[in-house]
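Asker: no FASTA, just this:
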């Protein structure tokens, strides 16, 4: 889909990596099969923030109606490594959730989950990377990638 930039504020903030005035960047010259969001574009950043907020709200609804009393927290350290949502039950067991608006999973996306898993030790039960893909993928010891739609059992 091609949406031209019509707002002067967005055109001034457009990243130099995008050579066209489109909301998306084309990756690869030969195929040009489908556009992907520019990682630094203002629309992609806003969508990522919106998706994180939406997932937090959905997890809050699930935690409110669940049988166990889980607290919703987040993790962030001095190195700016963070995890979007950390669920902790009364026994101190932790499930960490990272939200990405991308359709693919990169090794760098697991940085916060791996660091929290290392710090929490045996208390860390599961790390889930929710992304805009379609498959559930094993990513390592107690780490999984799952589609955002899995919040609704799809």
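Answerer: On my side now, so go ahead. All values reported here derive from a predicted model rather than from experimental measurement.
Asker: What count of nearby residues applies to residue 102?
Answerer: Applying the criterion other Cβ atoms under 10 Å, we find 16 residues in the vicinity of residue 102. C-beta here means a position set from N, CA and C on the backbone, and glycine is covered the same way.
Asker: my bad, should have said residue 140
Answerer: With other Cβ under 10 Å as criterion, residue 140 counts 12.
Asker: pretty sure it is touching residue 110, no?
Answerer: Yes - the pair residue 140 / residue 110 is scored as a contact, 7.4 Å apart, by Cβ atoms under 8 Å.
Asker: now residue 51, nearest residue through space, not along the chain?
Answerer: In space, and not counting its chain neighbours, residue 51 is closest to residue 101: 5.0 Å by Cβ to Cβ, 6 or more residues apart in numbering.
Asker: ok, that neighbour - contacts?
Answerer: 37, 44, 47-48, 51, 131-132 (Cβ atoms under 8 Å, 6 or more residues apart in numbering).
Asker: mind checking the SS state of it?
Answerer: coil (DSSP: H, G, I helix; E, B strand; the rest coil).
Asker: what are the phi and psi values for it?
Answerer: Dihedral pair for residue 101: phi -90, psi 10, per degrees, to the nearest 10.
Asker: what distance separates stretch 54-61 from the centre of its chain?
Answerer: 13 Å (Cα atoms, centre = their mean, to the nearest Å).
Asker: Touching that stretch from outside, list them.
Answerer: So stretch 54-61 is contacted by 72, 84-85, 87, 97, 99, 130, 148, 151 (Cβ under 8 Å, 6+ apart).
Asker: rerun at 7 Å
Answerer: Stretch 54-61 has contacts (Cβ atoms under 7 Å, 6 or more residues apart in numbering) with 72, 85, 97, 99, 130, 148, 151.
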